Every structure is written in C-alpha cells, then in structure tokens.
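Visitor: Quick one: sequence plus predicted model below, questions after.
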Amino acid sequence: MKQDQSKTPAMEGEVFYPPKNITRRANVKDYDQLYKQSIEDREGFWAEQAKRLKWYKKWDKVLDDSKKPFYKWFVGGKINIIQNAIDRHLHTWRRNKLALIWEGEPGDLRTFSYHALNREVSKFANILRSMGVKKGDIVTIYMPQIPELAFSMLACAKIGAAHSVVYGGFSVEALAERIADAKSRVLVTADGGWRRGKINDLKNIVDEAIKRSPTIESCIVVKRTGQEVYMESGRDFWYHDLITLPIACTNGCETEKTDAEDPLFILYTSGTTGKPKGLVHTHGGYSVYTSTTHNYVFDIKEEDRWWCAADPGWITGHSYIVYGPLINGATVMMYEGAPNYPYPNRWWQMIEKYGITILYTSPTAIRGLMRFGDEWPKRYNLSSLRLLGSVGEPINPEAWRWYHTVIGDNKCPIMDTWWQTETGGFLITPLPITPLKPGSATKPFFGNEVAVVDDNGNEVKTGEEGKLVIKSPWPGMARTIYGDPDRFIETYWKDFEKQGWYKAGDSARVDKDGYYWIIGRIDDVIKVSGYRLGTAEIESALVSHSAVSEAAAIGLPHELKGNAIHAFVILKAGTEATPQLANELRNHVASEVGPIAKPEDVTFVDTLPKTRSGKIMRRVLKAKALGQDVGDLSTLEE
Ligand code: PRX
C-alpha cells in the first residue's frame with residue numbers, strides 16, 4: 001500500500017500511517033505474526049492472555065466445543081471479574097490510583113481511587129446480599145450515567161448475581177418487558193438524571209413499569225436530581241439510607257468465587273421479534289476478552305486517562321467503561337450528560353481539564369459536534385490525546401478526517417472497532433500500529449477468523465458485498481439468549497449451520513489488502529445514532545395504539561443519525577388520517593419504547609407489501625422510499 005495524502009473520497013486509496021511515537025510504544029509490535037500464531041493455536045493464545053488475570057482456580061480446559069454453538073471457555077476455572085477489576089489492585093500501588101473520574105452535567109465532580117471504588121462496591125454488595133440477592137438472581141439496573149450505575153453493576157458481580165442494565169433512555173414498555181424476562185426481584189434506579197439541563201424523570205417511568213412487573217419486590221433509588229418522587233413504603237428505599245446502615249459498612253465484603261461460565265450479566269438487545277433478546281455473558285471468557293482487546297487495541301498504559309463516551313447501559317459501556325478498563329487498572333472518565341451542553345465545547349473542555357489521553361466515541365457524536373465548527377475544539381489544548389476510537393456504525397470519511405485532523409491534530413490513530421452486544425468485545429479492529437483507511441474497521445482481532453460470504457457460504461470476490469460471518473469461537477462471545485436457547489441458534493447459527501459459523505447480521509466487503517468495510521445491518525435492526533433498535537419493537541408500539549391496525553418501520557439514511565426511523569401505518573377502519581394523529585403516533589412510540597425510537601415521520605397507507613406468508617417486506621418499502629429498484633417481487637402477495 002502506498003501512502004496517499006489526497007483528500008478525495010476514493011476511500012480505499014487513502015491510507016494513514018501511525019506515527020513513530022505510537023508504534024514504538026505499542027503493546028503489539030507485529031500484527032501478522034501474532035495473528036498467524038493466534039489462529040494456528042487459538043487455545044494457546046487465549047490461555048496465554050488468561051494468565052494475565054487472577055484465578056481462584058485454574059481452568060481444566062480452555063475451550064469446550066462439544067455442544068456447539070454453546071461454547072464454553074476456561075471450563076473448570078474459578079474466577080470473579082471483581083477479583084480482577086478491583087480486588088487484585090488493592091494489593092498494589094494502584095490502590096491509590098484513580099479508578100473513576102466522573103463529571104455530572106451540572107458540572108459536579110466525583111473521583112474514586114481503586115480503594116474508594118472497593119468501599120463503594122462492597123457497601124452496596126453487602127446491602128444486596130442482605131436483601132437475599134445471590135447467584136442465580138438477575139438485578140435490573142435502570143440509571144442515569146452516575147457512579148452508582150457502575151457500583152451497582154460491580155456489586156452484583158461481586159456477590160455472583162447477574163445484572164441486567166436497561167438503558168436510561170428507554171421507556172416504560174421497554175423497561176417492563178426486560179424486567180419480566182429477567183424475573184428481577186430487585187430494581188436499582190435513581191430519581192432522575194440530567195440531560196441538556198432537564199431532568200430525565202426515571203422514577204416516574206419506573207413506577208409505571210413496576211405496575212406491569214409483578215416480580216419486583218424492592219426498588220433502590222439513588223438521589224441524583226432531588227425533585228420530589230413517589231416512594232412506596234416497604235418497596236422503595238433510598239440508596240444513601242441503605243449504604244449507611246451498619247450492615248453495609250461491615251469489614252469489607254467477600255467476593256463470591258464464581259465459576260468461569262457463571263453468568264455475569266444479561267444485556268437485552270433488539271432482534272427480529274418484538275421480544276428483546278437477553279444475551280448472556282460470563283465471568284471468565286468475558287474478563288479475558290474485554291481486558292485483552294482493551295489492552296492491545298487501545299494500548300493502555302498506567303498513565304492513561306481513558307474516556308469511553310458511551311452509556312454504560314449499552315454493551316460499549318459494559319465492556320469498555322466498566323469491565324475491560326478496570327481489569328486493566330486504568331483511570332476511567334465518565335460523564336453524565338449531553339456533549340453540547342451548555343455549549344458545544346463541553347467535551348473538549350473536559351479533555352483539557354482532565355488530561356484525557358484516549359477518547360472512544362461514536363460517529364454520530366463526532367458528526368454532531370463537527371457541525372458546530374472547528375472553533376469549539378480549537379479553543380482547547382487537546383494535546384494530551386494519543387489515540388482515538390470509533391464504534392457503533394460505519395464512520396463516514398468526512399467525520400473520520402475531521403476527528404483525525406481537528407481533534408487528533410493528525411497524530412492520533414483512530415481505532416474503528418467493529419463488534420456487537422453479542423460479541424462482548426472488538427472482533428474487527430485496527431491496532432495502534434495498523435495503517436488506517438478511513439471508514440474501514442481494518443482486520444480481525446487475534447484468534448478470530450472472519451469472512452464475507454454469499455448465502456451458500458462461498459467467499460464473495462474481493463470488493464463485493466456479502467454477509468459477514470465469524471468462523472471461529474472467541475472467549476467474549478455471548479453464551480446464549482437468556483431463557484431461549486433455540487432462538488440463539490435460530491438467530492445466529494442456523495444460516496451457516498453446516499459450516500458452524502456465526503452470522504453477524506451485517507453486510508460487508510473486503511478489499512484487496514484484506515481490509516474489512518462494514519456496510520450495515522441486513523436484518524430488521526435499525527441503527528439510529530448508533531443505538532440499536534428493532535423494527536418489531538417500533539411496530540409493536542405502533543399497533544398498541546388504538547387507532548392502528550398494522551404498521552411497518554424502516555430505517556432510511558440520515559445525515560447526523562446515520563439512519564432515521566420512518567413508519568408506515570394502516571389505520572383501523574373509520575379512523576381519519578390527520579397530521580395530528582401522525583404526531584400522536586410518533587409520541588406514542590417515544591413514550592412506549594423511548595425518545596430514540598421516535599419515528600421521523602408516519603405515513604398512512606392502505607396496504608403494506610407482504611410475502612404470501614404474511615411477512616412485511618421492509619426492503620420493498622425501503623427501496624421505494626429511496627427511489628431504487630425494488631428487486632425480486634416474486635414472493636410478494638400483491
Ligand atoms: O451494524 C454493526 C454496528 O453495530 C452493530 C452492533 O450493535 P450493538 O450490538 O448495539 O453494539 C454496538 C457497539 C458495539 C453491528 O452489527 N457497528 C458496530 N461497530 C461498528 C459498526 N458498524 C460499522 N463499523 C463499526 N465500527
């Protein structure tokens with residue numbers, strides 16, 4: 001590959017080489033060699049990585065693939081992620097190192113050393129234990145981005161219970177469904193969170209959701225925003241009251257000695273039916289995978305200040321705000337609010353103020369800040385930055401170049417990491433030593449064999465679009481869908497059952513240099529501002545409205561959000577199609593699912609394109625809306 005400094009959109013020809021000061025210190029020096037080694041001896045590679053962690057008992061077997069696709073890793077091993085993310089640091093100088101720097105949207109600041117983090121987590125773990133929470137339970141957490149969100153996750157893990165974090169931007173129905181599926185008895189929440197100077201009134205949503213959730217016995221509420229909230233006697237407890245009880249403050253809290261394959265958390269994500277899928281991740285493999293990827297890809301060093309500007313309510317926050325970085329003993333930055341509040345300088349100000357060295361965010365956030373112009377970042381000294389990262393959707397070359405030039409001063413390589421809730425950590429990603437092409441996630445991470453294939457599993461030609469598959473297992477992979485192993489097989493493994501490959505649900509192409517270019521989802525998932533939503537969730541919210549008979553939702557390209565939701569609705573006979581009703585339906589979706597799911601527009605139609613078996617052909621709607629060829633219509637009913 002030749003270096004080409006041209007700024008033309010000829011994406012594949014544009015290559016950026018990492019600067020010497022980065023490659024010299026990189027944690028990996030030779031990708032090709034280590035990749036080859038990791039493929040030739042995958043188990044050996046992962047065993048080597050696992051040795052960097054502390055185990056109560058070493059594993060008997062690295063990989064058990066006797067019940068594919070229900071792979072097990074580090075079988076027989078005993079480990080708790082907390083033993084690695086907190087406990088072991090307490091015996092080293094890291095005890096006094098900052099684990100967490102947190103800034104609230106109103107500007108309040110809280111910091112925690114690893115010692116202090118342990119205190120907080122232990123206190124809350126003691127409370128959960130005293131409430132009878134134990135291994136086998138799933139605690140639902142519905143919170144703003146405040147330190148207690150991380151404490152709650154870590155406290156569950158410490159006592160061997162699993163957590164299910166529901167993103168604080170979700171609404172009543174989405175929360176109630178996830179509580180019901182997890183059968184949670186305990187819910188941890190807050191009175192509210194700050195977003196753009198306003199209170200996101202979480203407790204109100206919780207009260208509504210609990211009415212639909214008979215399993216909830218106790219609700220623990222963090223006081224964050226301070227407005228008056230309803231507290232039901234005997235059910236609702238203030239977090240600050242509980243953690244000052246003598247039982248919370250007893251001498252420490254023993255970390256449960258969990259099995260490597262014990263569930264650490266369940267994270268719900270959208271799929272092809274309205275019911276969200278609870279993906280299960282475990283203590284052992286996930287600890288190894290998140291810490292290894294974080295270490296190699298973001299080249300973490302003791303002096304780094306790491307900022308992953310995602311929400312802990314999504315997998316990015318689980319893997320790369322909370323678990324991976326804490327296992328690596330990093331200093332983690334966390335921010336509560338909107339990037340442009342009160343002004344579009346907020347992020348740049350925080351980078352300067354805290355001396356952030358690595359920033360990991362989404363293309364949507366970059367595009368959103370880019371539109372305010374270069375003046376905002378240029379007022380700040382961003383020279384502490386060493387590496388940048390991107391995740392959640394393909395990054396368009398314009399945003400990539402702006403990020404690289406204006407934020408990174410042309411000296412910070414951008415790690416465009418491709419992965420999913422299902423994968424637990426990065427699967428296709430550059431390393432700091434990788435020559436970069438804007439818009440490409442570059443090459444597979446160690447141990448992973450990846451391909452782009454047609455429906456029969458044949459590799460497509462160089463440059464052609466096909467389905468992205470993962471041909472080999474990795475320790476961070478989700479183990480199953482909670483309570484629905486058949487759906488796990490059906491969704492991810494059925495299409496390439498013969499070959500035993502994992503279907504990612506994305507389309508992609510590979511260029512002549514073996515670089516992967518992710519194109520986007522090819523299933524019924526829409527990525528809006530990097531957030532993952534299922535068409536079915538939006539459609540079921542629409543049909544839950546009394547005026548709606550049938551509905552279809554599609555994603556269409558949007559300059560800032562990547563994709564935006566457009567809805568097509570058939571009304572019940574006798575209902576008048578008015579602009580007011582269209583608006584009401586948009587708001588109805590927002591209040592059922594969450595503001596991120598609010599459709600851009602609602603179009604009233606008389607029919608929807610369907611197959612003979614009654615399945616809505618969303619691709620036909622999409623092609624029509626985009627003025628494209630609608631393709632093969634032989635399966636269309638009418
Ligand atoms: O379509 C891909 C897109 O995000 C999907 C996974 O979404 P989710 O489970 O919410 O996880 C997001 C954070 C890991 C993928 O199937 N995606 C993620 N990262 C990238 C991406 N698309 C292109 N480039 C990426 N770097």
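Guide: Great, that's in hand.
Visitor: can you tell me which residues contact the residue in the stretch 101-250 of the chain positioned nearest to the ligand?
Guide: Across the stretch 101-250 of the chain, the shortest distance to the ligand (CB to the nearest ligand atom) belongs to Tyr167, at 10.1 Å. For the C-beta atoms, the positions are set from N, CA and C on the backbone; glycine is no exception. Applying CB atoms under 8 Å, 6 or more residues apart in numbering to Tyr167 gives the contacts 311, 313-314, 531, 594.
Visitor: Okay, and which of the residues you listed map to strands?
Guide: Tyr531 (DSSP state E).
Visitor: which among the contacts of Tyr167 gets closest to the ligand?
Guide: Trp314 (6.0 Å).
Visitor: That closest one contacts Tyr531, correct?
Guide: Yes - contact criterion CB atoms under 8 Å: Trp314 and Tyr531 qualify, at 7.5 Å.
Visitor: what's the single longest helix in the chain?
Guide: helix 114-130 (DSSP state H).
Visitor: what's downstream of that one, the next helix or strand?
Guide: Next in sequence after helix 114-130, counting helices and strands by DSSP states H and E, comes strand 138-142.
Visitor: who does that next one touch, helix- and strand-wise?
Guide: helix 147-158, strand 162-165, helix 172-182, strand 186-190, helix 202-211 (3 or more CB pairs under 8 Å, 6 or more residues apart in numbering; DSSP states H and E).
Visitor: export the third one as PDB, just CAs?
Guide: Same thing as helix 172-182. Output of helix 172-182 as PDB, limited to C-alpha atoms (Å, rounded to 0.1, in the frame of the first residue of the first chain):
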ATOM      1  CA  VAL A 172     -42.000   2.200  30.300                       C
ATOM      2  CA  GLU A 173     -42.800  -0.700  28.000                       C
ATOM      3  CA  ALA A 174     -39.100  -1.500  27.100                       C
ATOM      4  CA  LEU A 175     -38.200  -1.500  30.800                       C
ATOM      5  CA  ALA A 176     -41.200  -3.600  31.900                       C
ATOM      6  CA  GLU A 177     -40.500  -6.200  29.200                       C
ATOM      7  CA  ARG A 178     -36.900  -6.600  30.200                       C
ATOM      8  CA  ILE A 179     -37.800  -6.800  34.000                       C
ATOM      9  CA  ALA A 180     -40.400  -9.500  33.100                       C
ATOM     10  CA  ASP A 181     -38.000 -11.600  31.000                       C
ATOM     11  CA  ALA A 182     -35.300 -11.400  33.700                       C
END
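Visitor: I'd like to check the angle between it and helix 202-211, please.
Guide: Here helix 172-182 runs at an angle of 50 degrees relative to helix 202-211 (axes from the mean of the first three to the mean of the last three CA atoms, to 10 degrees).
Visitor: For helix 172-182, which outside residues touch it?
Guide: With CB under 8 Å, 6+ apart, helix 172-182 has contacts from 138, 140, 142, 164, 166, 170, 187, 205-206, 208-210, 212-213, 215-216, 266, 268, 275-276, 278, 482-483, 537, 541, 544, 591-594.
Visitor: Next, please give the residue ranges for the strands of the stretch 351-500 of the chain.
Guide: Along the stretch 351-500 of the chain, the segments classed as strands by DSSP state E, counting those that start in this stretch run 358-361, 387-390, 414-416, 450-453, 466-470.
Visitor: quick one: which of those strands is nearest the ligand?
Guide: strand 414-416 (4.9 Å).
Visitor: who touches the closest residue to the ligand within the stretch 151-300 of the chain in this structure?
Guide: Nearest to the ligand in the stretch 151-300 of the chain, going by CB to the nearest ligand atom, is Thr269, at a distance of 5.4 Å. Counting by CB under 8 Å, 6+ apart, Thr269 makes contact with 276-277, 279, 315, 421-422, 532.
Visitor: Which positions in the stretch 501-638 of the chain make contact with the ligand?
Guide: By CB under 6 Å from any ligand atom, the residues of the stretch 501-638 of the chain that approach the ligand are 504-506, 518, 520-521, 527, 532.
Visitor: Of the contacts of helix 172-182, grab the buried ones for PyMOL.
Guide: Selection of buried members from the contacts of helix 172-182 for PyMOL, criterion 16 or more other CB atoms under 10 Å:
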select buried, resi 138+140+142+164+166+170+187+205+206+208+209+210+213+216+266+268+275+276+278+482+537+541+591+592+593+594
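Visitor: quick revisit: what mean pLDDT does the longest helix of the chain have?
Guide: If you average the pLDDT over helix 114-130, you get 97.
Visitor: Report the buried residues of that helix.
Guide: Result for helix 114-130 [16+ other CB under 10 Å]: buried residues 114, 116-129.
Visitor: same thing with stretch 384-394?
Guide: 385-394.
Visitor: what subset of these is also close to the ligand?
Guide: 391-394.
Visitor: quick check, nearest of the residues you listed to Lys461?
Guide: Pro394 (20.8 Å; CB to CB).
Visitor: which ones are touching the closest one?
Guide: 363, 439, 517-520, 562.
Visitor: one more time with 10 Å
Guide: Pro394 sits next to 363, 400, 416, 418, 439-441, 506, 508, 517-520, 527, 562 when contact means CB atoms under 10 Å, 6 or more residues apart in numbering.
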